[in-house]
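Student: Attaching a predicted model along with its sequence, questions to come.
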Amino acid sequence: MMADIMARGGNDQIEPELLEVLISSFRVNSTHKKIPMKAISNLGKMLSLILPKTVEKIVIVVSKDYLGSEKSFVESTKSVFPSVSVNVLFSHKLDKDSLLVYFK
């Protein structure tokens, strides 16, 4: 089953185990939005432009270099999507110049 997910999602930027957790535990779509960090001055506003208004759940995957910053990612997202479940996960494989957003 994992091979199907990888082929469909094209998620070679993160660990396969992390992708499996995203899909099975958080029940988000296997496709993501990739956002360059340098393009983000306000994460909440950026997400409001690229995500559907009916989003129920957001999982943000960032590089392990951002450990300790999860609260700021959550707060910025919740400022625009107050009733949405927001989780931040860290990848050892993802470079620090971009973040991935999975949603449902």
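Tutor: Yes, it's here. Numbers count the residues shown, from 1 in each chain.

Student: any idea which element the nearest residue to residue 44 once chain neighbours are set aside lies in?
Tutor: In space, and not counting its chain neighbours, residue 44 is closest to residue 80: 3.8 Å by CB to CB, 6 or more residues apart in numbering. For every residue, glycine as well, the C-beta is placed using N, CA and C. Under the criterion DSSP states H and E, no helix or strand holds residue 80.

Student: for residue 80, what are its contacts?
Tutor: Going by CB atoms under 8 Å, 6 or more residues apart in numbering, residue 80 touches 44-45, 47-48.

Student: ok, now with 10 Å
Tutor: By CB atoms under 10 Å, 6 or more residues apart in numbering, the contact list for residue 80 reads 42-49, 51.

Student: residue boundaries of the strands in this protein?
Tutor: Secondary structure of the chain (DSSP state E): strands at 33-36, 57-63, 85-91, 98-103.

Student: How many residues are close by the closest residue to residue 18 other than its chain neighbours?
Tutor: Spatial nearest neighbour of residue 18, chain neighbours left out: residue 91 (5.8 Å); criterion: CB to CB, 6+ apart. Residues contacting residue 91 under the criterion other CB atoms under 10 Å number 18.

Student: that older thread, so which of the contacts of residue 80 wins on neighbours?
Tutor: Highest neighbour count within the contacts of residue 80: residue 47, with 24 neighbours (other CB under 10 Å).
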